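Here's my sequence, what's the structure:
(2 chains)
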Amino acid sequence: MHEEFPTDEPAVVTCGLPYANGDLHVGHLRTYVSGDALSRALARVGQDVAFVCGSDMHGTPIAVNAAEEGVDPESFALEHHERIRETFPQFNVEFDNYGHTHDGTNTELTREFVRSWIDGGHVLEKEIRVAWDAAADQPLPDRFVEGTCPYCGEDARGDECDEGCQRHLEPGEIEAPVSTITGNPAEYRTRPHKFLRLSDFQAYLQGFLDRLEGTANAQNQPREWIEGELQDLCITRDMDWGIDYPGDAAGDASDAPEAGDSTETDLVLYVWVDAPIEYVASTKQYSERVGADEYDWEAVWKNRADGGEIIHVIGHDIIQHHTVFWPAMLRGADYNEPRAVMACGFVNLDGEAFSTSRNRAVWADDYVESGLHPDLYRYHIVTGSEFVADVDFSWDGLQERVNNELVGTLGNFCYRSLLFAERNYDGTPDAEVSEEVREEIEAAIEAFHAAINDYRVRGLGQVPLELARFGNEYIQRHEPWKLTDDDPEAATQVIRDCVQLSKALAVLMEPVLPGKAETLWNQLGEPGSVHDTRLEDALAAPPDAFDEPGELFDQLDDGTVERLDAQLEARIEAAADDAADDAAADRADTETDDADSADTAADAGADADRTETETDDADAADADTMDVDPIANDRVPFEEFTDLDLRVAEVLSADPIEGADDLVRLEVDLGVETRQIVAGIRQLHDLESLPGTRIVVVANLERTELFGVESDGMLLAAGEQADLLTTLGEAEPGTTVQ
RNA sequence: AGCGGGAUGGGAUAGCCAGGAGAUUCCGCCGGGCUCAUAACCCGGAGACCGGACGUUCAAAUCGUCCUCCCGCUACCA
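Model (predicted):
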């Protein structure tokens, strides 16, 4: 489908936008280092390429955190933006442009996108229920509300179920909502919002995924999302931090006169709208800085006929946004589609997940302060595993890779070669490169090309190591130190080959080890910059003379590793102590605070405890069935109980819902009327035997729709097996349960 | 429940898409060599019947089916 790199069209490599809400850790950096390496590699093979990114400045977490600190969101985000921006060079991650989503370029471009969607008829308005803080009299978009995930029951915040199933939550979905502003239970109010009609792009997206390159997970994972009818994406939020929805500014005179302080009634765009557009905006800024002759952003993004090569490098947690929402957004605005999405796995810390809340993390600053060269981290993280797989970071692991591979193999070969050459020949000995070595270098170049075209950044790091391995073998096999006296000509040949191999290594290692490549390049006495080389330069003759080289890599000694480990341990423990204190405080809070969240907090605590401390009890009880949940501490007033309208009902029919695994559509007789109720009991009951059964239902539960079927009420059942509540006597359908 | 990914010598990994001499690399273990090199480098050896079971094939770690276990994802709330 696509031609191989390098192509005639310009390319752009982007990385997922860091959120301007905190610092980067070595897990985040995997994406940026990988993107940087890929972009450098593309340049080495002669591809015209830009590497861009920017900070994600909007969204409710920033608004929430800024409010907590008592500063305005803009300066809050800008401060983090600067910190993040300054972090990248410390890891040799060099963006051609690094902007942010709040700048003029992105704001303008985002509005253009949205206007295109409006013009194209892809935007519709719907009235939806949004969480509302009655006390503060304001809407509660996304992270301004916390509650329970409607899908998995875990604690969730805002637009995602961060603790549980990780689902994207649309506004209004979260249950038992609580305002993060006042801590009060939130209510729901109906508000008008704008939606992007994703279903318009259903067929297009199917084809898009067939064409998409990159990693397999990015291509396969979205398949099921686009199989069913795509839900409309709510693209607006009730808040004032963000980019204003452009429709209002243009037309609705009724809304706000221009004065500006209309506060909470303003609609801004959902953060996931303007965030990816920053990819375009940042490219545009780069283009404007260097001139369109040098790099033309429109050729990449806009010219559909022979568009450029758009490559997104992301973490696999945001595949959905990049393979469904984003291509639809681009398509709707008549922009080019991505050629490739590369989604990497997570970085674990000593085998366990990072936890920023528990401070179980190695922050970018920690690494910088360790004094270790950034290229060591780069090599470790890029070659530590296949891109799609998770990779482990530990100081031990780093030490092993560094000492064995970078010091022992790569550094040692270059050092012994150049040192020998300098001592005996004052530089490159006078001879032609042997056929064997030339072929070896050519094979490495070939492997390098293959790695790029397969989107395997790992290969970019492996290729130079393999060539160095060959080098060590080669020099050992020929033992030039024995030949200098016996057979000077043969010695000259061998060393000439080794110097050439070193030069090839400098070129080939540049993407993953840019700093060390530069050092090696300079040791060879090369004029120019290794960052401007092409792969072919690996075969060109090095300068005749160069100075005595230094050691390319230093050993990472045990003392340093122990110190770094101890430092990490100490911090995890300190954080654990804090967390224990917090948890205790939380428990105290919830006892006196609102009843709703106390329930969930207590449950979560009980679950966690159970796995660790109550195993004995579990054994004593009927172990393979279940534990009995502790009785809830919180007493509810009788009035609250009477709010529930419980009734006896008789099942009239029970039919499975097509396409669902668990859901059953029940018709029940409530005495005064017949109701339709949906329940997830398909796997647990023989549906044919249900009609005639008397059950108990909550008759005044809010209506909802499950799998497209309306459910008007809820049946009551006990335990995992959904043992149905029924009546002992002859209570007629419709009888109130009290 | 479905989908995606994974299960390979003591540990960590490659190979599987394009099936063919009992399998890569790093660590660890045993033995040897070399001494230009950062106790680095090179060579040799022990050690896995490639999660389990069927099947396709002259031939399977590699293809197919089923199963077990792990991880991730998804619009099903009794």
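
how many neighbours does the residue of chain A found nearest RNA strand B have?
Taking CB to the nearest atom of the strand, RNA strand B has its nearest neighbour within chain A at residue A:680, 1.6 Å off. Placement of C-beta: from N, CA and C, glycine included. If you count neighbours by other CB atoms under 10 Å, residue A:680 ends up with 15.

what separates it from residue A:717, distance-wise?
10 Å (CB to CB, to the nearest Å).

mind listing what residue A:409 touches?
Neighbouring residues of residue A:409 by CB atoms under 8 Å, 6 or more residues apart in numbering: A:465, A:468, A:469, A:472.

Confirm that the second one sits in a helix.
Yes: counting by DSSP: H, G, I helix; E, B strand; the rest coil, residue A:468 is found in a helix.

And the strands in the stretch 501-650 of chain A?
A:646-656 (DSSP state E, counting those that start in this stretch).

again, but for the stretch 101-250 of chain A
Under DSSP E, counting those that start in this stretch, the stretch 101-250 of chain A gives strands at A:123-133, A:138-139, A:145-148, A:155-157, A:175-179, A:187-196, A:213-214, A:233-234, A:236-238.

ok, stretch A:400-416 near RNA strand B or not?
Yes: under the criterion of CB under 7 Å from any atom of the strand, RNA strand B is reached by stretch A:400-416 at A:400, A:401, A:403, A:404, A:405, A:407, A:408, A:409, A:411, A:412, A:415, A:416.

As PDB, could you dump the C-alpha coordinates of that stretch?
C-alpha atoms of stretch A:400-416 as PDB (Å, rounded to 0.1, in the frame of the first residue of the first chain):
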ATOM      1  CA  GLU A 400      23.500  -5.000  33.400                       C
ATOM      2  CA  ARG A 401      22.600  -3.700  30.000                       C
ATOM      3  CA  VAL A 402      25.100  -0.800  30.200                       C
ATOM      4  CA  ASN A 403      28.000  -2.800  31.500                       C
ATOM      5  CA  ASN A 404      27.600  -5.800  29.200                       C
ATOM      6  CA  GLU A 405      26.400  -4.300  26.000                       C
ATOM      7  CA  LEU A 406      27.300  -0.600  25.900                       C
ATOM      8  CA  VAL A 407      30.600  -0.800  27.800                       C
ATOM      9  CA  GLY A 408      31.700  -4.300  27.000                       C
ATOM     10  CA  THR A 409      30.600  -4.700  23.500                       C
ATOM     11  CA  LEU A 410      30.000  -1.300  21.800                       C
ATOM     12  CA  GLY A 411      32.200   1.000  23.700                       C
ATOM     13  CA  ASN A 412      35.000  -1.500  24.100                       C
ATOM     14  CA  PHE A 413      35.200  -2.300  20.400                       C
ATOM     15  CA  CYS A 414      35.300   1.400  19.400                       C
ATOM     16  CA  TYR A 415      37.900   2.200  22.100                       C
ATOM     17  CA  ARG A 416      40.300  -0.700  21.400                       C
END
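
hang on, isn't residue A:342 packed against residue A:34?
Yes: judged on CB atoms under 8 Å, residue A:342 makes contact with residue A:34 at a distance of 7.4 Å.

any residues in contact with both of those two?
A:313, A:387, A:457.

Run a quick neighbour tally on the second one.
Close neighbours of residue A:387, defined as other CB under 10 Å, add up to 24.

now the first one
Neighbourhood size, residue A:313 [other CB under 10 Å]: 31.

Identify the residue spatially nearest to it, adjacent ones excluded.
Of all residues not flanking residue A:313 in the chain, residue A:35 sits nearest, at 3.9 Å (CB to CB, 6 or more residues apart in numbering).

Okay, and residue A:678 sits in which element?
strand A:674-679 (DSSP states H and E).

relative orientation of that strand and strand A:646-656 in degrees?
Per axes from the mean of the first three to the mean of the last three CA atoms, to 10 degrees, the angle that strand A:674-679 makes with strand A:646-656 is 70 degrees.

which helices and strands does strand A:674-679 pack with?
strand A:664-669, strand A:709-711, strand A:714-715 (3 or more CB pairs under 8 Å, 6 or more residues apart in numbering; DSSP states H and E).

partners of the shortest one in the sheet?
Looking at strand A:714-715 with DSSP bridges, its paired strands and their directions are strand A:694-698 (antiparallel).

ok, residue A:387 touching residue A:341?
No: applying CB under 8 Å as the test, residue A:387 and residue A:341 come out as separate, 11.6 Å apart.

What are the boundaries of the helices in the stretch 501-650 of chain A?
A:514-523, A:558-592, A:595-613, A:615-620, A:638-642 (DSSP state H, counting those that start in this stretch).

tell me which element the closest residue to residue A:330 other than its chain neighbours falls in.
Closest residue to residue A:330 apart from its sequence neighbours, by CB to CB, 6+ apart: residue A:337 at 5.8 Å. For residue A:337, there is no host helix or strand (DSSP H and E).

Run a quick neighbour tally on residue A:337.
Neighbours of residue A:337 using other CB under 10 Å come to 18.

Now do the contacts for it.
Applying CB under 8 Å, 6+ apart, the residues near residue A:337 are A:208, A:211, A:307, A:310, A:327, A:330, A:331.

again with residue A:354
A:25, A:27, A:346, A:347, A:348, A:360, A:361.

how much space between the last one and residue A:83?
When distances are taken as CB to CB, residue A:361 and residue A:83 turn out to be 16 Å apart.

More neighbours: which of the two?
Shown here are residue A:361 and residue A:83; by other CB under 10 Å, residue A:361 has more neighbours (25 against 17).
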